[in-house]
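S.K.: have a look; sequence and predicted model below, questions after that.
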Amino acid sequence: MNSLSLLCHWTMKPTCRILTSCRNSALFGFPPAKCYHGLAKKGNLSNFCVNFEQICQFHTNPFRVSGSGHVFNDALKASQVPSWSFGQSGVISRSNSVGTTSRGVSVIARLASKFRNLSTSIETRVNENNFERIYVQGGINVKPVAVERIDKDENVVGEEESRLEVSDEKQNVSNQEGLDEAKVVNAEREYSDIEKDAWKLLRDSVVTYCGTPVGTVAANDPGDKQPLNYDQVFIRDFVPSALAFLLKGEGEIVKNFLLHTLQLQSWEKTVDCYSPGQGLMPASFKVRTVPLDGNKYEEVLDPDFGESAIGRVAPVDSGLWWIILLRAYGKITGDYALQERVDVQTGLKMILNLCLTDGFDMFPSLLVTDGSCMIDRRMGIHGHPLEIQALFYSALRCSREMLALNDGSKILVRAINNRLSALSFHIREYYWVDMKKINEIYRYKTEEYSTEATNKFNIYPEQIPLWLMDWIPEEGGYFIGNLQPAHMDFRFFTLGNLWSIVSSLGTPKQNDSVLNLIEAKWDDLVGHMPLKICYPALEFEEWRIITGSDPKNTPWSYHNGGSWPTLLWQFTLACLKMGRIDLAQKAAALAEKRLRSDRWPEYYDTRTGKFIGKQSRLYQTWTIAGYLTTKMLLENPEKAALLFWDEDYELLEICVCALSKSGRKKCSRGAAKSQILI
């Protein structure tokens, strides 16, 4: 059986379908299927269907997609490059159940993972074994083996010399160093009542497709009579759920989620006959059951690319979260074969091509519309919001690690490096504010015309709000929410600042200053429930103009200054990176007091997060999963190191100004380097 036919041996049942555009039905060589009109929701969704049979045959040219032929050709070439890397997946492991690797190879996997962490180079990881079956046999509740250990032998690994040891009473002293590597992975402490309740609720929220877990619903409140789209699986919402399962050693659901959302990618959904670019990932999807002839039924995956969302805005952050989760899956499980698959490499390249496409914008930051991220309603964050830039930077760093290096991807890797360098400099230089920077803006001259102007964006000093001058501490700073010509959004956006720390978008000094600010302004940003999504809230006439008088985003509610417990796991990750575990523990203890008794709300209202949100969904899944992920990260801080990035000093050597021929006389790259070395 050749590798191409192996890719088609799905474990889906024949009656499982994915709704998609019939124009793209030749994706990955699947022949167009008959469209079942009237089986899906109203609109043109009924015309989008492709049947993924249990066993299918490839055409002679299986990777032909209109407008994206070069992407698939590159991916096909990548599959033919043998991998000699130390950490190749074919050497590390083959899983028999979720979260458990074969005996005798776990130590190699750990060493390979460490080897990968030390390497900053881009290397080919694609090998001839990457066409594996999509699903791993077993369920998400399979427990890993007790203790794993390898006896060293220079010729044989993983046969008779590999053995399972349950007791350490008769260990040989000479093998003590090896025993340090052995981990008791199923010796779990007794869970508290709140953790038991959280795990039960998380498992109850799992969505299955053809009998296989593929995600978790956004909220699972039995008393909610109008769930709207909270009964769907959202990409951004599933990330904390995925991390909770991964940290517990249950990776099947995450792998299934990554592969199924990949199959939903780049369908040409329309809003009034306009289509987004190929590579767009859906905001969410829903498993629907539709009737067939007779008494038969069929399950379909129905994606939402924004055509059903409030405001009809495409989800820019979905693809970025997908890339971040793909890397996390490989780092935690050691299963790098998933990211080496040709279809996954192709999907990754399509997202990158969509994000790196040249346009009219002059800045290295990503230009987006309002409502295209976690704040998915009108809140004045159109243009270049910090949250998107931080996730964009993280996704680029993930992609640089995971892309298979070949002739087709070298240009893409070069573009990623250039964009990373320019973006990091842009955010560190122009988005950062502290007392020194605010005083500098306060004395800005305006209407400057030259390449050496200090006030490059023509910011008027009168824009500095009065609350900021009294609010910002002496020892602390943060990245502003947005920057555009003649406009600086001085609001503090928590998610963007936390991911600037996690991804090292900020300098080490800036990252410390952000946590210093949160500690100094604890009552404002944490209060009774961590953490504020932004501070301060828009009020009075400003709220009416910027939000359009949004009744859900009233001051200190929802996106307008509400408190979101799901931000807790990201705050914990940032604190662990910067060695501030005390702040994370303090926030976790604060949340633990109320979450269970309040029935796990989506968000909290008022200045200090004292009340449950007025329209907050209860039993919100990412609130539950965020708490569980926080607890596991605090208990195993070494796991956090797999999820964040350290400073990449090589990026400071890549200067876009030096590459251009525009004759620029002055470059601030030296100033950026000096900040790093402090």
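M.R.: Cool, got the structure. Numbering: from 1, shown residues only.

S.K.: assumed residue 299 was part of a strand.
M.R.: Yes - the assignment for residue 299, made by DSSP: H, G, I helix; E, B strand; the rest coil, places it in a strand.

S.K.: roughly how far apart are it and residue 207?
M.R.: As judged by CB to CB, to the nearest Å, residue 299 and residue 207 stand 11 Å apart. (Each C-beta comes from the backbone N, C-alpha and C, glycine too.)

S.K.: list the residues that contact both of these two?
M.R.: By CB atoms under 8 Å, 6 or more residues apart in numbering, residue 299 and residue 207 have these common neighbours: residue 287.

S.K.: which parts of the stretch 201-350 of the chain are helices?
M.R.: Listed in chain order, the helices of the stretch 201-350 of the chain (DSSP state H, counting those that start in this stretch) span residues 235-247, 252-263, 316-333, 337-340, 342-355.

S.K.: could I get those as TSV with mean pLDDT?
M.R.: Formatted as TSV, these follow (pLDDT from 0 to 100):
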stretch	mean pLDDT
helix 235-247	98
helix 252-263	97
helix 316-333	98
helix 337-340	97
helix 342-355	95
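
S.K.: just name the most buried of those.
M.R.: helix 235-247 (a mean of 26; mean count of other CB atoms under 10 Å).

S.K.: put the alpha carbons of that one into PDB.
M.R.: Coordinates of the C-alpha atoms in helix 235-247 are reproduced here as PDB (Å, rounded to 0.1, in the frame of the first residue of the first chain):
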ATOM      1  CA  ILE A 235     -11.500  27.000  17.900                       C
ATOM      2  CA  ARG A 236     -10.400  29.700  20.400                       C
ATOM      3  CA  ASP A 237     -12.700  28.300  23.100                       C
ATOM      4  CA  PHE A 238     -11.300  24.800  22.700                       C
ATOM      5  CA  VAL A 239      -7.700  25.800  23.300                       C
ATOM      6  CA  PRO A 240      -7.800  25.600  27.200                       C
ATOM      7  CA  SER A 241      -9.900  22.400  27.000                       C
ATOM      8  CA  ALA A 242      -7.200  20.900  24.700                       C
ATOM      9  CA  LEU A 243      -4.400  21.900  27.100                       C
ATOM     10  CA  ALA A 244      -6.300  20.400  30.000                       C
ATOM     11  CA  PHE A 245      -6.700  17.100  28.100                       C
ATOM     12  CA  LEU A 246      -3.100  17.200  26.900                       C
ATOM     13  CA  LEU A 247      -1.600  17.900  30.400                       C
END
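
S.K.: can you name every helix or strand that it contacts?
M.R.: Judged by 3 or more CB pairs under 8 Å, 6 or more residues apart in numbering; DSSP states H and E, helix 235-247 is in contact with strand 212-216, helix 252-263, helix 316-333, helix 621-635.

S.K.: so can I have a markdown table of the ones you listed showing distance to residue 420?
M.R.: Compiled in a markdown table, the helices and strands packed on helix 235-247 are given as follows (distance: least, CB to CB, whole Å):
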| stretch | distance to residue 420 |
| --- | --- |
| strand 212-216 | 30 |
| helix 252-263 | 23 |
| helix 316-333 | 14 |
| helix 621-635 | 26 |
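
S.K.: nearest to residue 367, of the ones you listed?
M.R.: Residue 367 lies closest, by CB to CB, to one member of those: helix 316-333, at 9.6 Å.

S.K.: tell me what angle the closest one forms with helix 252-263.
M.R.: Helix 316-333 and helix 252-263 are oriented at 140 degrees to each other (axes from the mean of the first three to the mean of the last three CA atoms, to 10 degrees).

S.K.: other SSEs contacting helix 316-333?
M.R.: When contacts are defined as 3+ CB pairs under 8 Å, 6+ apart, helix 316-333 sits against helix 235-247, helix 252-263, helix 337-340, helix 342-355, helix 386-402.

S.K.: point out where the stretch 501-650 of the chain drops to low pLDDT.
M.R.: Under the criterion pLDDT under 70, no range of the stretch 501-650 of the chain is flagged.
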